[in-house]
Every structure is written in C-alpha cells, then in structure tokens.
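Novice: Pasting the sequence and the predicted coordinates here, then a few questions.
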Amino acid sequence: MYAFVMRPESLPKSYQDFIQKTGPVAEPVYRAVRDSCRGHPVDVASLHAYLSRKGKSDYVKLEEFPSIIPCSIIHAGTSSCLVHEVNATSLTFKKTFPLYFSLTFVPFVVLHLQK
C-alpha cells in the first residue's frame, strides 16, 4: 500500500485502478496525503470539491500545508474511524472474495475430481 499511496507511478496502471476502485478512500484524498507527506502544498480546491460532493465541506478547515490529513477528510462518509474500518473491510471482502475463492477453491476441486 505504501507504493500505491506514495509512489503510484511505480505500479502498473491496471493495478492502481484496481486498488482505487476496490479501496475505501477517494483519489483526491490519496493525492492530498501524498502531497502532505512530501511537504508539498495540498490541492485544497480538489479536496473541497470532493467534500462538497460528499456533503461534508461545512465543518472541515482545509489548509494548504496541513501537518496531517484529518480523519474527517479521509473517511468523509462516516464520523468514526472504527465504523469506517468495519465498513471498508466488509465492502472489500465482498468485492474480492469471489475472485480469490474462484482462484483457490475451483482449481482444488477440479484437480481432486480428476483423481
């Protein structure tokens, strides 16, 4: 995940897209975290637009050089880090389980049925 957040150019584009589509955090937030960690200015306009779409822009004070990206921006859809983690884990499991199940269980059954 470090490579995805901090060095996305080091990963294949298809893998970046898969993580972004499967993951629980929006792309403008990843960009803000990356810029903040590198000491670069954060794109406040992009974050504000994202939060406006989520209906959460009224209580978050956005800065160009924040010391940390607040939880209220990272998981704008929930008010609790714990609730966000539970929701993200559940959603990711539901999205990826069919893929991993078919890659591990189906070959096992097919190979054992041939014996």
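Specialist: It's in.
Novice: Can you tell me the element I68 falls in?
Specialist: Secondary-structure assignment from DSSP states H and E places I68 in no helical or strand segment.
Novice: and the nearest residue to it once chain neighbours are set aside, how many neighbours does it have?
Specialist: Leaving out its chain neighbours, the residue that sits closest to I68 by C-beta to C-beta, 6 or more residues apart in numbering is S36, at 7.0 Å. For glycine as for every other residue, the C-beta is placed from the backbone atoms N, C-alpha and C. Using other C-beta atoms under 10 Å as the criterion, S36 is surrounded by 18 other residues.
Novice: Can I get the host helix or strand of S36 as PDB, trimmed to CA atoms?
Specialist: Under the criterion DSSP H and E, the helix or strand holding S36 is helix 27-38. The C-alpha trace of helix 27-38 is given here as PDB (Å, rounded to 0.1, in the frame of the first residue of the first chain):
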ATOM      1  CA  GLU A  27      -8.300   9.600  -5.200                       C
ATOM      2  CA  PRO A  28      -8.100  13.300  -4.200                       C
ATOM      3  CA  VAL A  29      -7.600  12.200  -0.600                       C
ATOM      4  CA  TYR A  30      -4.700   9.900  -1.600                       C
ATOM      5  CA  ARG A  31      -3.200  12.800  -3.500                       C
ATOM      6  CA  ALA A  32      -3.600  15.100  -0.500                       C
ATOM      7  CA  VAL A  33      -1.900  12.500   1.800                       C
ATOM      8  CA  ARG A  34       1.000  12.100  -0.700                       C
ATOM      9  CA  ASP A  35       1.500  15.900  -1.000                       C
ATOM     10  CA  SER A  36       1.300  16.500   2.700                       C
ATOM     11  CA  CYS A  37       3.900  13.700   3.500                       C
ATOM     12  CA  ARG A  38       6.200  15.200   0.800                       C
END
